[in-house]
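[1] Got a predicted structure plus its sequence, pasted below:
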Amino acid sequence: MRQLNLDQIRTLVAIADLGTFSAAAQALHLAQPTVSLHVSELESRLGLPLLVRGARRVQPTPAGAELVERGRRLLRDADEAVEAARRRHAGLEGRVRIGVSTTSVVVDLLPPVFQTLSRRYPGIELSPMFVGSVDSALGLVAGTVDVAVVALPQPALPGVRFTPWVRHEMRALVPAAWPAPRRATPAWLAQQPLVMNEPGTRMQTLTLEWFGRAGFSPRARIEHNYDVAMRALVEAGYGAAVLPLRPDHVEPAGSRVRVLPLAPRLVRHLVIGHRAQEAQDGPVARVVEVMLEMAGKG
């Protein structure tokens, strides 16, 4: 048996609701012979009667009533599927996987993006993935990441576009109990036990290049990729860390961490990566639009 025709189901439901072929034809903007053809083809396809034609009103048979009831759900589901597809095409719905390298991006930079997205595009779900700059960028090529927040420099990747986003100031976090200068220099930090990001990350490369330009090549006491865990190790007096912080960051009174500016300054340049062929009005484009808007207000 061939599959059911939704137009014929819609006609059957209209007849059951309105009671006559002519009323259904008028409501559906169809010619009455077309309505009759829909019903006869549907009955022929199923091999059973669906309507009882009375003098004044058409009534569904028990089998017809069952099909009408289930047909309403089919039509509702079909209408919802079409609307969902249209909203997805218009960039109003969808899940966007955003690759980030550190929790600081999510904690310090993304909250305004989440807030604006939830208000402007409630059907778009932004899902952070902590996979590092390198894996985030490669994930764009592989299709496992939709948007990547990565630090410069980045190698050219086929089909990937990088757009400048924000400049993130790097600071030295040291235990409050340590005697420390007003500014942390490579020479001073190189003499301290260090908590650094893991090898292969852009953050570690950026930090080591900063030391290297001053002629130092320190080794980390411990390597970790999560800002919160690195900060906890600093609080415990285990070492100093170089991490990105907001320019307006102020440590609360009584904190066990002291924040020192770096001399010379070190700035992490973050860019937004996405596949160049992404639809200009798709959900990824909406997310990038909001991210750039929020950066402009920062």
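    Thanks, I have it. Numbering: from 1, shown residues only.
[2] how about the strands of the stretch 101-250 of the chain, start to end?
    Secondary structure of the stretch 101-250 of the chain (DSSP state E, counting those that start in this stretch): strands at 123-130, 147-151, 160-175, 194-196, 222-223, 240-245.
[3] could I get those as CSV with mean pLDDT?
    Listed next are the strands of the stretch 101-250 of the chain as CSV, based on pLDDT from 0 to 100:
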stretch, mean pLDDT
strand 123-130, 88
strand 147-151, 91
strand 160-175, 92
strand 194-196, 95
strand 222-223, 92
strand 240-245, 92
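[4] nearest to Ala63, of these?
    strand 123-130 (38.7 Å; CB to CB). Quick note: C-beta positions are derived from backbone N, CA and C, even for glycine.
[5] So what touches the closest one?
    With contacts defined as CB atoms under 8 Å, 6 or more residues apart in numbering, strand 123-130 is touched by 87, 91-103, 106, 110, 113-114, 117, 136, 139, 145, 225-226, 283, 286-287.
[6] circling back: could the strands of the stretch 101-250 of the chain go into JSON lines alongside distance to Arg182 and mean neighbour count?
    Conversion of the strands of the stretch 101-250 of the chain to JSON lines gives the following (distance: least, CB to CB, whole Å; neighbours: other CB atoms under 10 Å):
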{"stretch": "strand 123-130", "distance to Arg182": "33", "mean neighbour count": "16"}
{"stretch": "strand 147-151", "distance to Arg182": "27", "mean neighbour count": "26"}
{"stretch": "strand 160-175", "distance to Arg182": "11", "mean neighbour count": "19"}
{"stretch": "strand 194-196", "distance to Arg182": "20", "mean neighbour count": "23"}
{"stretch": "strand 222-223", "distance to Arg182": "26", "mean neighbour count": "15"}
{"stretch": "strand 240-245", "distance to Arg182": "15", "mean neighbour count": "24"}
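[7] how about those in a markdown table, adding distance to Val267?
    Below are those laid out as a markdown table (distance: least, CB to CB, whole Å):
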| stretch | distance to Val267 |
| --- | --- |
| strand 123-130 | 22 |
| strand 147-151 | 10 |
| strand 160-175 | 5 |
| strand 194-196 | 18 |
| strand 222-223 | 22 |
| strand 240-245 | 9 |
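[8] By mean pLDDT, flag the weakest helix or strand of this structure.
    Taking mean pLDDT, DSSP states H and E as the measure, the chain has helix 103-104 as its least confident helix or strand, at a mean of 72.
[9] Can you list phi and psi of Arg45 for me?
    When quoted as degrees, to the nearest 10, the phi and psi of Arg45 stand at phi -60, psi -40.
[10] Look at it and report its pLDDT.
    On pLDDT, Arg45 comes in at 89.
[11] Could you report the neighbour count for it?
    Here the number of neighbours of Arg45 (other CB atoms under 10 Å) works out to 14.
[12] out of the contacts of strand 123-130, which are inside helices?
    Arg87, Thr103, Val113, Phe114, Leu117, Ser136, Gly139, Pro283, Arg286, Val287 (DSSP state H).
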